[in-house]
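Participant: Fold the stuff below for me.
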Amino acid sequence: MLKGLFKKKDKPESGGSDRGLLVFENTTAVIRAETVLKEQGWPIRVMGPPPEIRTGCDLVIEFPLIDELAVIRKLAEANIEPLQVVPVTSVLLEPVDLLQVKEMGQYLMVRAANMKITVDRDTGIIVNISGGGCPDVPYLAEQMVNKTLEGAPHPRDVGYTLCAYALQIAYERMVELCSA
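Facilitator: Residues are numbered from 1 along each chain as shown. Coordinates of the predicted model:
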């Protein structure tokens, strides 16, 4: 039922100092900044911070460093201030990809941060939601498990925590993989 498992995804090039990381105080600021920057069309990615710059928030935004002034200006207009802007100048400062995909027979699991979604490839039905430690994880699972990807609510529509945000990223990747 699910066609072509993997589809190439456009994302910023890795390597070199042409990329920078925006570090924020909390996840709410990251989510707001992501929305503002994507609306402007910047090629950004939300990633896990490298250990050397971790400040408590488990997310950073990777962006084209050449656009630093414009990005900072746009965020300031939206009253969003990053704690710091860090050029990616070495392997030690490489952000951590939040997404991991694992095939398990007829099942496909996508993990984003600590949240996981597992789908039966033959039916397209979500068989498991797990991970995280947020209070809305059981509710998210109740709303999504035993529904098809197309029939399940988006995690961002029924949850409000970092876990719901991470599950949304995993859900979007799963939809992409299963519709290729």
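
Participant: Which residues are in contact with Val127?
Facilitator: Residues in contact with Val127 (C-beta atoms under 8 Å, 6 or more residues apart in numbering) are 107, 118-120, 145-146. C-betas here are computed from N, CA, C, even on glycine.

Participant: between these, which is nearest Tyr139?
Facilitator: Val145 (11.2 Å; C-beta to C-beta).

Participant: picking that back up, the contacts of Val127 in helices, which ones?
Facilitator: Per DSSP state H, helices hold no members of those.

Participant: can I assume Pro43 is in contact with Pro64?
Facilitator: Yes: using C-beta atoms under 8 Å, Pro43 makes contact with Pro64 at a distance of 6.4 Å.

Participant: Now do the contacts for Ala112.
Facilitator: Neighbour list for Ala112: 98-99, 166-167, 169-170, 173 [criterion: C-beta under 8 Å, 6+ apart].

Participant: Do you know the pLDDT at it?
Facilitator: Note on Ala112: pLDDT of 90.

Participant: can you check Ser179 too?
Facilitator: For Ser179, the pLDDT comes out at 86.

Participant: Could you check how many residues crowd around it?
Facilitator: 13 (other C-beta atoms under 10 Å).

Participant: And it, how far from Lys102?
Facilitator: 19 Å (C-beta to C-beta, to the nearest Å).

Participant: same check, this time on Lys74
Facilitator: 37 Å.

Participant: ok, those two, which is more surrounded?
Facilitator: Ranked by neighbour count (other C-beta under 10 Å), Lys74 and Lys102 place Lys74 first, with 17 against 11.

Participant: any idea where the strands of this structure begin and end?
Facilitator: Using DSSP state E, the strands of the chain run over residues 19-23, 45-47, 60-64, 84-87, 99-104, 107-112, 115-120, 126-131.
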